[in-house]
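> Everything below, folded, please.
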Amino acid sequence: MQRVPLGRTGLTVSRLCLGTMTFGTQTGPAEAHAQLDRALEAGINFLDTAEMYPVNPISAETIGRTEEIIGDWIARTGRRDDWIIATKISGEGSKARGGEPITAAALRRAVEGSLARLRTDRIDLYQFHWPNRGSYHFRQNWAFDPSRQNRAATRAHMVEALETLAALKAEGKIAEFGLSNESAWGMAEWLRLAEAGHGPRAAAIQNEYSLLCRLYDTDLAELAVNEDVTLLAFSPLGTGLLTGKYAGDVIPEGSRRTLNPALGGRISPRVWEAVSTYLGIAHEAGLDPARMALAWTLTRPFPVVPIFGATTLAQLDHLLPAAEMVLPEDVLAALDAAHRAHPMPY
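Residues are numbered from 1 along each chain as shown. This next block holds a predicted model:
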């Protein structure tokens, strides 16, 4: 599988990243380990996890279980160096570490916890799951109000965090730094402070991105091109909506909607017409809709690595060919027209 640069780090990662957030709930340990084996066979060397995983549902009892499952695989196989491993510290309000915000002390506790669960001595990409000051992601954009932010407090937090990350990097516990659910201003500020010498430069930003969610396409895309920041696009299949399995507002047995019927606010009055349009484009072109949606993310005019998850090994095998798909120009034109007709359906 083709490999691409991760920001300015010098690391090269597979053009698809294996998401693991179902490991420990919908995906049991044996199935998860089989997925790790199969992904490596297919040329994937990049996986993403988080201290708060698994999800569907998120619970205090299962916090860290996904990292433990990955750590068990590493201990059993000894193949740690075959992977570029990304994980995340949860922010304020999560079920991890009592829901504390990201601070210097919290960073150290979270890194040590992830290292122990993953059974490794280093984390290749350490990410902030969401910023302390809040985020407009996960449908919060509809009522986003930045007027309550405090620039001085935010800047002080960023400096403290970068200095702590620099120390963790010097100790060999993390290699690179990334963000998630971040804004253009936030990313620009992190970069500015890093360039001022406060700590490591953010290499990547993990935000939601798909045919159904294209908030990234303007200011963040411009920043990414000019600053060599890689988008790690999560939910590139629209949490399954773009596969067609929920078409007609059905809820298949064992699917995410059995646990999260609204798919985190993605089920809206306008989403079904948009989904129908994208499924129609795939049908007309004789393409699998899930592969089409995943392959489309690889055509974007900015650095991007989509993170795709699979509940089962069969789903993983089904999606792998998307890495080599070349979408015809008429399909790309039809997808652009569909976006104009159905912008921000959720």
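> For residue 67, I want the exact helix or strand it lies within.
helix 65-77 (DSSP states H and E).
> Now do the following helix or strand past that helix: everything it contacts.
Per DSSP H and E, the first helix or strand lying C-terminal to helix 65-77 is strand 84-89. Contact with strand 84-89 is made by 6, 11, 13, 17, 45-52, 67, 70, 102, 106-107, 110-111, 114, 118, 120, 123-129, 178, 180, 204, 206, 232, as judged by Cβ atoms under 8 Å, 6 or more residues apart in numbering. In this view, the C-beta of every residue, glycine as well, is placed from N, C-alpha and C.
> follow-up on the earlier one: and the helix holding residue 67, what does it pack onto?
Secondary-structure packing of helix 65-77 (3 or more Cβ pairs under 8 Å, 6 or more residues apart in numbering; DSSP states H and E): helix 29-41, helix 104-118.
> Give me the helices and strands touching the helix or strand hosting residue 167, please.
If you go by DSSP H and E, residue 167 is part of helix 151-170. When contacts are defined as 3+ Cβ pairs under 8 Å, 6+ apart, helix 151-170 packs onto helix 104-118, strand 123-128, strand 174-180, helix 184-195.
> what are the pairing partners of the second one, and which direction each?
The pairing partners recorded for strand 123-128 under DSSP bridges are strand 84-89 (parallel), strand 174-180 (parallel).
> now the angle from the longest one to helix 184-195?
Following axes from the mean of the first three to the mean of the last three Cα atoms, to 10 degrees, one obtains 160 degrees for the angle between strand 174-180 and helix 184-195.
> Assign a three-state SS to the residue of the chain positioned farthest from its centre, would you?
In the chain, the residue that sits farthest from the middle, by Cα atoms, centre = their mean, is residue 284; the gap is 29.9 Å. Taken by DSSP: H, G, I helix; E, B strand; the rest coil, the conformation at residue 284 corresponds to helix.
> what residues are up against residue 134?
140, 149.
> you'd agree it is in a helix?
No: Residue 134 is assigned coil when assessed by three-state DSSP, not a helix.
> what about it, distance to residue 232?
20 Å (Cβ to Cβ, to the nearest Å).
> Nearest residue to the residue nearest the centre of the chain in space, please, no chain neighbours.
When Cα atoms, centre = their mean is applied to the chain, the residue found nearest the centroid is residue 234 (3.6 Å). The spatial neighbour of residue 234 that comes closest, neighbours along the chain excluded (Cβ to Cβ, 6 or more residues apart in numbering), is residue 307 at 4.8 Å.
> okay, now the one you found: neighbour count?
When counting by other Cβ atoms under 10 Å, one arrives at 23 neighbours for residue 307.
> ok, what's across the strand from it?
residue 17.
> So what pairs up with residue 13 in the strands?
Counting by DSSP bridges, the residues bridging with residue 13 are residue 4.
> quick revisit: and the strands paired with strand 123-128, which is most packed in?
Highest mean neighbour count of the strands paired with strand 123-128: strand 84-89, a mean of 25 (counted as mean count of other Cβ atoms under 10 Å).
> Next up, the contacts around the residue nearest to residue 257 when sequence neighbours are not counted.
Distances taken as Cβ to Cβ, 6+ apart place residue 251 nearest to residue 257, at 4.3 Å, with adjacent residues excluded. Shown in contact with residue 251 (Cβ under 8 Å, 6+ apart): 257-258, 261.
> likewise residue 237?
210, 243, 290, 293-294, 308.
> In helices, which of those residues fall?
Of the contacts of residue 237, the ones assigned to helices by DSSP state H are 290, 293-294.
> which among these gets closest to residue 168?
Residue 168 has its nearest neighbour among those in residue 294, at 33.2 Å by Cβ to Cβ.
> Tell me who's in contact with that closest one.
16, 236-237, 306, 308, 319, 322.
> Pull the most distant pair out of those residues.
16 and 237 (12.1 Å).
> Common neighbours of those two, please.
Counting by Cβ under 8 Å, 6+ apart, the residues touching both residue 16 and residue 237 are 294, 308.
> just the strands in the stretch 201-346 of the chain please.
For the stretch 201-346 of the chain, the strands defined by DSSP state E, counting those that start in this stretch cover 202-206, 230-233, 304-309.
> Who are the packing partners of the last one?
So the one you mean is strand 304-309. Checking 3+ Cβ pairs under 8 Å, 6+ apart, strand 304-309 ends up next to strand 17-19, strand 230-233, helix 289-297.
> Next, format these as TSV and append distance to residue 186.
As requested, the helices and strands packed on strand 304-309 are arranged in TSV below (distance: least, Cβ to Cβ, whole Å):
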stretch	distance to residue 186
strand 17-19	22
strand 230-233	14
helix 289-297	22
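> Let me have these in a markdown table, extended by mean pLDDT and distance to residue 138.
Below are the helices and strands packed on strand 304-309 laid out as a markdown table (pLDDT from 0 to 100; distance: least, Cβ to Cβ, whole Å):
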| stretch | mean pLDDT | distance to residue 138 |
| --- | --- | --- |
| strand 17-19 | 98 | 16 |
| strand 230-233 | 99 | 15 |
| helix 289-297 | 98 | 19 |
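> Which among the ones you listed is found nearest to residue 265?
strand 230-233 (18.4 Å).
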